[in-house]
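# following is a predicted model, sequence given first.
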Amino acid sequence: MPHEWKTLPDGAVEVDGAPLVASSLPETVWRWSDLVKRHARAEGVPPSWLLGILSREAHANPSAHNRLGAVGLFQLLDPSVKGPYTDEQLKDPDINAQQAARFVRTLATTGPTWARELPAVASRYVGGQRGKGEPHPSSTSPWGMREHNGYISGVVGAHNLALGTWGPGDAPTGGGTGEVRGKRSGAARGALAGVLLFVVALTGIVVSATRKRPAGYLP
């Protein structure tokens with residue numbers, strides 16, 4: 001069954017009743033913090049969201065260009081996201097981050113309310129979206145949304161780590177209502193009520209959660 005998740009008022013994302021936090025991020029990701037903050041703030045999106053996405057794209061290599069045509073720090077692919085820039089221009093970290101932040105702003109301000117929260121935004125960023133701005137469903141992802149190689153957990157874990165490092169002031173529009181998303185059956189909820197451990201194995205980023213589910217967590 002898909003994860004249950006909710007965005008707390010401070011912007012942190014809780015998964016199955018516990019925080020999902022990356023144990024660390026490589027310096028190759030942190031080095032882009034100032035660039036990420038500048039462009040995220042210019043577009044009114046949480047810098048920690050943008051850093052989370054960066055942590056899952058091209059090993060934070062600004063010169064990366066894959067066989068599908070994705071280019072730069074944020075592996076921009078769609079022509080509408082690349083904008084007026086050539087692929088060579090998009091290898092400029094400043095231009096690439098600008099376009100990525102604009103795309104994330106679009107994702108965060110369109111579609112149903114739940115699809116504007118980070119897990120769904122991460123799915124839409126990497127896996128595209130349906131006509132109403134919803135992520136494509138997936139029967140293989142633990143989130144129930146299209147992704148690959150633990151992408152959503154990696155983004156969420158990095159976001160929560162950055163948020164805890166930088167503070168809530170770097171989540172200007174990322175706060176949520178605390179409403180539970182991706183609800184399970186009562187039986188499945190009970191089975192997940194203990195200590196949780198998530199491992200994003202393919203990236204080497206360990207994401208862990210060890211807090212018991214609080215009473216009254218679910219309606």
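Received it, and whenever you're ready, just let me know what you need. Numbering: from 1, shown residues only.

# just the element for the spatially most central residue of the chain, please.
Closest to where the C-alpha atoms of the chain average out (Cα atoms, centre = their mean) is Val155, at 3.7 Å. Val155 belongs to helix 151-166 when assigned by DSSP states H and E.

# what sits against the residue nearest to the centre of the chain?
Contacts for Val155 (Cβ atoms under 8 Å, 6 or more residues apart in numbering) come out as Trp49, Gly52, Ile53, Ser55, Arg56, Leu118, Pro119, Ala122. (Glycine included, C-beta is placed from N, CA and C.)

# how about a cut-off of 7 Å?
In this structure, Val155 makes contact with Gly52, Ile53, Arg56, Leu118, Ala122, judged by Cβ atoms under 7 Å, 6 or more residues apart in numbering.

# what's the helix or strand hosting the second one in contact with?
Secondary structure here is read from DSSP H and E; on that basis Ile53 sits in helix 47-54. Helix 47-54 has contacts (Cβ under 7 Å, 6+ apart) with 29, 32-33, 36-37, 40-41, 60, 73-74, 100-101, 104, 118, 121-122, 125, 155-156, 158-159, 162-163, 166, 170-171, 174.

# where's the residue lying closest to Gly72 once chain neighbours are set aside relative to Thr109, distance?
Nearest non-adjacent residue to Gly72, counting by Cβ to Cβ, 6 or more residues apart in numbering: Asn96, 3.7 Å away. Separation of Asn96 from Thr109 (Cβ to Cβ, to the nearest Å): 21 Å.

# now Val21
26 Å.

# follow-up on the earlier one: need the buried ones from the contacts of helix 47-54 selected in ChimeraX.
Of those, the buried ones can be selected in ChimeraX as follows, counting by 16 or more other Cβ atoms under 10 Å:
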select :29,32,33,36,37,40,60,73,74,100,101,104,118,121,122,125,155,156,158,159,162,163,166,170,171,174
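
# quick one, strands of this protein?
5-7, 13-15, 18-19, 21-22, 196-200, 205-209 (DSSP state E).

# those: lowest mean pLDDT?
With a mean of 35, strand 196-200 has the lowest mean pLDDT of the strands of the chain.

# just to revisit the earlier point, need the pLDDT of the residue nearest to the centre of the chain.
Reported pLDDT for Val155: 97.

# tell me, how many residues neighbour Leu8?
17 (other Cβ atoms under 10 Å).

# pretty sure it contacts Gly17?
No - contact status for Leu8 versus Gly17: not in contact, 11.9 Å apart, counting by Cβ atoms under 7 Å.

# one step back: please put the alpha-carbon coordinates of the helix holding Ile53 into CSV.
Output of helix 47-54 as CSV, limited to C-alpha atoms (Å, rounded to 0.1, in the frame of the first residue of the first chain):
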residue,chain,number,x,y,z
PRO,A,47,14.8,26.4,-1.3
SER,A,48,14.8,23.1,0.5
TRP,A,49,12.5,21.7,-2.2
LEU,A,50,14.9,22.8,-4.9
LEU,A,51,17.9,21.4,-3.1
GLY,A,52,16.0,18.1,-2.6
ILE,A,53,15.5,17.8,-6.3
LEU,A,54,19.0,18.8,-7.1
